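*Asks:* Okay, predicted coordinates and the sequence, questions at the end:
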Amino acid sequence: MRILGIESSGHVASVALMEDERLKAEFSINNGMTHSQTLMPMLSNMLELCGEDPDSLDAIAVSAGPGSFTGLRIGAATAKGLGLGLDRPLIPVSTLEALAYNVVNASGAYVCPIMDARRGQVYCAVFKDGIRLVGEKAESMEELINEINSLSQGRGECIFLGDGVPVYRQLISNKLCGSYVFVTAENSLQRAASVAQIGLWTYRTWLLENDLCAEDVREKGALGIGCFDDRVMSSDDFSPRYIRKPQAQRELEAGLLEDPGLHSLKKMAGDMHEKKRHKDQKG
Amino acid sequence: MGDRDPKKDIYILGIESSCDETAASVVRNGRDVLSNIISSQIDIHTVYGGVVPEIASRLHCENINGVIRLALSEAGMDFSDIDALAVTAGPGLVGALLIGVSEAKALSYAIRKPLVAVHHIEGHVAANYISHKELEPPYVCLIVSGGHTHLCLVKDFESYEIIGRSVDDAVGEAFDKVARAIGLGYPGGPKIDRAAKDGNADSIDFPIGEVRDRPYDFTFSGLKSAVLNHINRANMTGEGVNVPDIAASFQRAAITPLVDRTIACAKERGIDVVALAGGVSANSELRRRMKEACEAEGISCCYPEPVFCTDNAAMIAAAAYHRYLAGELAGLDLNAAPNLKLGMSLEV
């Protein structure tokens, strides 16, 4: 079984190919170029070097969020285009769960992936022995530290990773009760291999539960499968899991958005007064 | 494409997501529309008084596969029948463009069909080839939309000379702003068009913008200010705002320079065909007056059917046709180009 992994939720663009238990290839780049310039060329090169044809893929696992809205959507639209063109299902994988998987062997420890969500918040979750104890959500680092403190009662080790680490390293040192470890930079970033691996397990479980084999899905095509759910879905139905609503929607719901027509009128009137003032000064 | 059979029909699947419409379409030979699916988000953005880029991007991502599937099935085709894909690369909202661009690249890779990157405004111009099968360059084209007011000489299918442009607001922007100021709301163009039908265009003498020493350029900021001044004065004196009269008078003052300068340009260049393109070319008064002025000068006038004036993917597939024939294909590293200027070539 071949599962493609796609990850573009943060600074890293990454693609990986799992062939059963073997990670056949993983290409990652973290050089500041936009994902739309790097993701598809990496994917095409990777499959070519592996001697694989895109048709040989069974399903596409995609880092579904949370993360950068635009980054998530570049990955999502890429996965959707592949899913549509190849007629293969999509497997959404939690970005935080995939991050935590980077340190999957840390048994007994609290694994805390934190992604800088701006506006004083992190996208975060807490896992222990593969079980999610907190999240996934966006909240301030102080709130997360309080939650971890009350969970651990100062006992056990916390492992922090993700692009939130460099931002909140000091705060964690100051406020966290108990011991902690910051994962080194090269293991602290999103990886498509983790996405593909989780995707593979998810897909296997889903196939088993529905009494299907991978060949059935290839034959029937995405439209012929009646048992899609939120773990394995048609590419038509996939959208990123943003966690946060768009800012304009939040403002609207909070009643903060004033009548847009009025706002624009006020602004235009303001501009005109400004111009008139300049004119008067000149005259 | 040297070994291409010239008699073979070319089918291009176009994808458009530059603003608030998710669209896909199959077009034969750059002229015949087999399907034209447009999923509009306008009802959602109306609540916010304009397009919210983040919401637009989310909706594009949700809807795009369904829209593409529908475009294919309505054309009675599947991916193997398509010769090439085309996608809008710019200009537009970056997050919105990225959905179409990312989707189209992945799809093109998956189905092994070439991809053509299209300039959104060239798409609007090409909409005329759909509605006027005989139209060929050279012709003078007036491109009028929410982001563009350009007077161009279309020399060849891919070659444009820009002769005039707005030095401030695009004409569509002026329509939107005036519509808001008189309480018609978003989208301004169609609402002013409708309101103006009940008004007297000669009732208020709004100024016609001119740019000194640049006879083919446009300016709409003075007109916009004059409308606002009029509203303020009407409110202060208590005479009240007559919405249809303002709409009609504003529309007349906005359209007059567009028509006059387009005709003058065609005459000066010795061109006997004029075309309209862009969202504002759906304006019924602009169409009527341009047609009338052209008839008086013996110039033939064309404009797209209304459904091809606003954003759609058929025009993108139409614009891609000649680039596809010329072998101008996009790579897998194609990026969105939100600030692409007209006449600036896409880097493919």
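*Replies:* Here it is on my side, so go on.

*Asks:* The top strand by length along chain A: partners in the sheet, and parallel or antiparallel?
*Replies:* With secondary structure taken from DSSP state E, chain A has its longest strand at strand A:131-140. Note on strand A:131-140: by DSSP bridges, its sheet partners are strand A:121-128 (antiparallel).

*Asks:* Okay, and residue B:106 sits in which element?
*Replies:* Under the criterion of DSSP states H and E, residue B:106 resides in helix B:94-111.

*Asks:* Point out the other helices and strands that that helix packs with.
*Replies:* Contacts defined by 3 or more CB pairs under 8 Å, 6 or more residues apart in numbering or on different chains; DSSP states H and E place helix B:94-111 against helix A:35-49, helix A:69-86, strand B:11-16, helix B:53-74, strand B:84-90, strand B:115-119. Heads up, the C-betas are built off the backbone N, CA and C, glycines and all.

*Asks:* So the third one, near chain A or not?
*Replies:* By that I understand strand B:11-16. No. Strand B:11-16 is not in contact with chain A by CB under 8 Å from any CB of the partner chain; minimum separation 9.6 Å.

*Asks:* Just want the angle from that strand to strand B:115-119.
*Replies:* 50 degrees (axes from the mean of the first three to the mean of the last three CA atoms, to 10 degrees).

*Asks:* Check the offset of strand B:11-16 from the chain's centre.
*Replies:* Offset of strand B:11-16 from its chain centre (CA atoms, centre = their mean, to the nearest Å): 17 Å.

*Asks:* quick one: strands adjacent to the helix or strand harbouring residue A:6?
*Replies:* Following DSSP H and E, one finds residue A:6 within strand A:2-7. Using DSSP bridges, the strands paired with strand A:2-7 are strand A:13-19 (antiparallel), strand A:59-65 (parallel).

*Asks:* out of those, deepest packed?
*Replies:* Compared across these, strand A:59-65 shows the largest average neighbour count, a mean of 30 (mean count of other CB atoms under 10 Å in any protein chain shown).

*Asks:* Residue ranges of each domain in the chain, please.
*Replies:* In the absence of a named chain, chain A is used. Per the record, chain A has its domains at A:2-95+A:190-237, A:103-187, A:247-282, by automatic domain parsing.

*Asks:* Sorry, I should have been clearer: chain B.
*Replies:* If you go by automatic domain parsing, chain B breaks into B:11-126+B:309-325, B:137-304.

*Asks:* Give me the distance between the two termini of the last one.
*Replies:* Domain B:137-304 stretches 16 Å from its first residue to its last (CA to CA, to the nearest Å).

*Asks:* Quick check, central residue of chain B?
*Replies:* In chain B, the centroid-proximal residue (CA atoms, centre = their mean) is residue B:278; its distance is 2.4 Å.

*Asks:* From residue B:124, how far off is that one?
*Replies:* 5 Å (CB to CB, to the nearest Å).

*Asks:* Give the residues shared as contacts by the two.
*Replies:* Residues within reach of residue B:278 and of residue B:124 at once, by CB atoms under 8 Å, 6 or more residues apart in numbering or on different chains, are B:143, B:145, B:309.

*Asks:* Which strand or helix spans the first one?
*Replies:* Following DSSP H and E, one finds residue B:143 within strand B:139-144.

*Asks:* Sheet-wise, list the partners of that strand with their directions.
*Replies:* Note on strand B:139-144: by DSSP bridges, its sheet partners are strand B:149-156 (antiparallel), strand B:273-277 (parallel).

*Asks:* among those, which is the most enclosed?
*Replies:* strand B:273-277 (a mean of 26).

*Asks:* distance between it and the chain's centre?
*Replies:* 12 Å.

*Asks:* quick one: the next helix or strand after that strand to strand B:273-277, angle?
*Replies:* Next along the chain after strand B:273-277, taking DSSP H and E as the criterion, comes helix B:284-297. Counting by the same axes, to 10 degrees, helix B:284-297 lies at 170 degrees to strand B:273-277.

*Asks:* Can I get helix B:284-297 in PDB, CA atoms only?
*Replies:* Below are the C-alpha coordinates for helix B:284-297, written out as PDB (Å, rounded to 0.1, in the frame of the first residue of the first chain):
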ATOM      1  CA  SER B 284     -26.700  48.200 -19.600                       C
ATOM      2  CA  GLU B 285     -26.200  51.900 -20.100                       C
ATOM      3  CA  LEU B 286     -22.600  51.600 -21.000                       C
ATOM      4  CA  ARG B 287     -23.500  48.900 -23.600                       C
ATOM      5  CA  ARG B 288     -26.300  51.000 -25.000                       C
ATOM      6  CA  ARG B 289     -24.300  54.200 -25.300                       C
ATOM      7  CA  MET B 290     -21.200  52.400 -26.700                       C
ATOM      8  CA  LYS B 291     -23.300  50.700 -29.300                       C
ATOM      9  CA  GLU B 292     -25.000  53.900 -30.300                       C
ATOM     10  CA  ALA B 293     -21.700  55.800 -30.600                       C
ATOM     11  CA  CYS B 294     -20.100  53.100 -32.600                       C
ATOM     12  CA  GLU B 295     -23.100  52.900 -35.000                       C
ATOM     13  CA  ALA B 296     -22.800  56.700 -35.600                       C
ATOM     14  CA  GLU B 297     -19.200  56.200 -36.600                       C
END
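
*Asks:* That one: how far from the chain's middle?
*Replies:* 19 Å.

*Asks:* Just give me how far the following helix or strand past that helix sits from the chain centre.
*Replies:* Sequence-wise, the next helix or strand downstream of helix B:284-297 (DSSP H and E) is strand B:300-302. When distances are taken as CA atoms, centre = their mean, strand B:300-302 is centred 17 Å away from the chain's centroid.

*Asks:* how would you label residue A:181: helix, strand or coil?
*Replies:* What DSSP: H, G, I helix; E, B strand; the rest coil gives for residue A:181 is strand.

*Asks:* Tell me which residues touch it, please.
*Replies:* With the criterion set at CB under 8 Å, 6+ apart, residue A:181 makes contact with A:109, A:157-160.

*Asks:* The same query, at a cut-off of 10 Å, please.
*Replies:* A:103, A:106, A:109, A:157-161 (CB atoms under 10 Å, 6 or more residues apart in numbering or on different chains).

*Asks:* Parallel or antiparallel, which strands does the strand or helix carrying residue A:28 pair with?
*Replies:* Counting by DSSP H and E, the element that carries residue A:28 is strand A:22-29. Strand A:22-29 pairs in its sheet with strand A:13-19 (antiparallel), by DSSP bridges.

*Asks:* What average pLDDT does the strand it pairs with get?
*Replies:* Mean pLDDT, strand A:13-19: 98.

*Asks:* Using CSV, write out the CA atom coordinates for it.
*Replies:* Extracted in CSV, the C-alpha atoms of strand A:13-19 (Å, rounded to 0.1, in the frame of the first residue of the first chain):
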residue,chain,number,x,y,z
ALA,A,13,6.9,22.2,2.8
SER,A,14,7.2,18.5,2.9
VAL,A,15,6.1,15.4,0.9
ALA,A,16,6.7,11.8,1.8
LEU,A,17,5.9,8.4,0.3
MET,A,18,5.2,5.4,2.6
GLU,A,19,5.1,2.0,1.1
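
*Asks:* and that strand with helix A:69-86, angle?
*Replies:* Counting by the same axes, to 10 degrees, strand A:13-19 lies at 40 degrees to helix A:69-86.

*Asks:* ok, and the closest non-adjacent residue to the residue in the stretch 201-348 of chain B positioned nearest to chain A?
*Replies:* Nearest residue of the stretch 201-348 of chain B to chain A (CB to the nearest CB) works out as residue B:332 at 3.9 Å. Leaving aside its sequence neighbours, residue B:332 sits nearest to residue A:40 (CB to CB, 6 or more residues apart in numbering or on different chains; 3.9 Å).

*Asks:* is it true that residue A:153 touches residue A:178?
*Replies:* Yes. Using CB atoms under 10 Å, residue A:153 is in contact with residue A:178, at 8.1 Å.

*Asks:* quick one, which of the two is more surrounded?
*Replies:* residue A:178 (14 against 9; other CB atoms under 10 Å in any protein chain shown).

*Asks:* so the strand holding residue A:6 versus helix A:35-49, what angle?
*Replies:* 160 degrees.

*Asks:* what's the burial count for residue B:100?
*Replies:* If you count neighbours by other CB under 10 Å, residue B:100 ends up with 30.
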